[in-house]
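**Q** this one's sequence-less:
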């Protein structure tokens with residue numbers, strides 16, 4: 001063990017770390033392709049906090065893929081899939097089992113086999129699959145015993161993502177949830193994570209439009225500028241767009257996107273500025289756009305003496321390009337958390353999530369800059385370094401005369 005100056009024991013990162021990705025779609029394949037290109041010295045891990053300090057942009061070949069053979073060699077394991085939870089997808093490479101408990105045990109076996117066959121010392125899991133239908137925590141989610149009984153009874157409140165999370169925790173594997181699904185954000189999973197000393201966290205990768213909101217909304221609040229309304233719409237044409245075209249899956253995503261402004265702006269403290277904000281979010285499936293996504297925001301603000309003003313933001317991006325470095329950072333930081341003995345909810349990694357999971361009764365912090373400070377100061381704390389407050393008063397204090 002490594003004992004840091006702060007007294008935190010951190011196991012060394014010896015051996016090999018395996019990363020299991022649930023869902024082999026745009027995010028996962030972009031992540032895998034990017035990591036392999038970086039390993040071969042063909043690209044830089046731009047966007048990854050854990051890998052980049054300063055960035056120099058290099059050229060990349062656009063017409064030819066140098067790692068095509070490597071990508072073609074990747075074969076996904078059979079998945080736990082149920083169309084009830086993702087209406088617009090049709091699973092083909094899926095597992096069969098007598099009940100959901102049996103399927104979870106099959107996932108555990110997959111994890112053990114992966115670790116053994118690849119000669120791994122540790123594993124982390126990052127959920128990169130589609131958004132499931134909207135679920136709320138119920139009786140089956142309140143304890144581990146209730147959850148296990150519900151699995152055996154094929155309870156509909158137990159979604160596939162929860163089976164992956166349960167299997168991961170039973171194998172002492174850290175689990176990061178990159179979708180807005182309920183998954184580990186239930187008492188049973190929190191209980192398991194704490195008892196087994198395993199890191200968990202989520203949810204929903206903070207990539208395009210929400211990332212911009214977590215930057216702009218704190219700016220309005222910092223300057224005490226009022227907000228009347230914020231209309232957000234997205235168009236995208238890939239599988240994510242098709243899944244979110246289903247109202248039940250969209251509601252899960254909508255819940256994740258809508259909570260941010262209220263938590264940042266605190267309308268209860270500033271009713272004159274933020275007490276009557278109209279916040280609307282739409283997602284539209286538009287096949288011609290493919291993997292390219294356009295997030296458009298119309299923001300109505302007001303300033304001195306109530307004078308109205310507007311801001312327009314048109315973000316043309318690719319979610320997979322923005323999400324891939326997040327997957328890398330989460331894999332490494334969740335492994336670090338596991339080696340450092342940080343069990344349960346990893347709120348210090350809220351920087352990466354739209355709807356950060358927190359301890360019960362604690363509201364989430366959505367301000368991107370506060371989240372970044374929290375992340376960096378946690379790393380400093382782990383290594384026994386002093387916290388950075390940015391006070392700087394020592395540069396302006398003069399000795400007594």
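**A** Happy to help now that I have it. As the structure is a computational prediction, the values presented were derived from the model and not from experiment. Numbers count the residues shown, from 1 in each chain.

**Q** low-scoring stretches of this protein, by residue?
**A** 1-8, 52-64, 66-67, 397-401 (pLDDT under 70).

**Q** which residues of it fall in strands?
**A** Using DSSP state E, the strands found in the chain span residues 2-3, 9-10, 17-22, 122-127, 175-177, 199-202, 226-236, 278-285, 293-302, 308-317, 344-345.

**Q** same for the third one, what does it pack against?
**A** Pointing back at strand 17-22 there. helix 26-39, helix 100-117, strand 122-127, helix 319-339 (3 or more CB pairs under 8 Å, 6 or more residues apart in numbering; DSSP states H and E). (Glycine included, C-beta is placed from N, CA and C.)

**Q** go again using 7 Å as the cut-off
**A** On a contact count with 3 or more CB pairs under 7 Å, 6 or more residues apart in numbering; DSSP states H and E, strand 17-22 meets helix 100-117, strand 122-127.

**Q** before we move on, what about the longest one?
**A** Helices and strands touching strand 226-236, by 3+ CB pairs under 7 Å, 6+ apart, are helix 209-222, helix 271-274, strand 278-285, strand 293-302.

**Q** Format these as CSV; extra columns: distance to residue 89 and mean neighbour count.
**A** Shown next, in CSV, are those (distance: least, CB to CB, whole Å; neighbours: other CB atoms under 10 Å):
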stretch, distance to residue 89, mean neighbour count
helix 209-222, 23, 19
helix 271-274, 38, 16
strand 278-285, 13, 16
strand 293-302, 19, 18
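
**Q** so which of the ones you listed gets nearest residue 135?
**A** strand 278-285 (18.7 Å; CB to CB).

**Q** what lines up beside the closest one in the sheet?
**A** With DSSP bridges as the test, strand 278-285 is paired with strand 226-236 (parallel).

**Q** List the buried residues for the strand it pairs with?
**A** Residues of strand 226-236 classed as buried: 226, 227, 228, 230, 232, 234, 235, 236 (neighbour count, 16 or more other CB atoms under 10 Å).

**Q** Out of those, the closest to residue 79 would be?
**A** For those, the nearest to residue 79 is residue 236 (22.7 Å; CB to CB).

**Q** Look up the residues forming beta bridges with the closest one.
**A** Applying DSSP bridges to residue 236, the residues it is bridged with are residue 285, residue 293.

**Q** so it makes contact with residue 290?
**A** No. If you go by CB atoms under 7 Å, residue 236 and residue 290 don't touch, sitting 8.1 Å apart.

**Q** neighbours around residue 223, how many?
**A** 9 (other CB atoms under 10 Å).

**Q** Okay then, goodbye and thanks.
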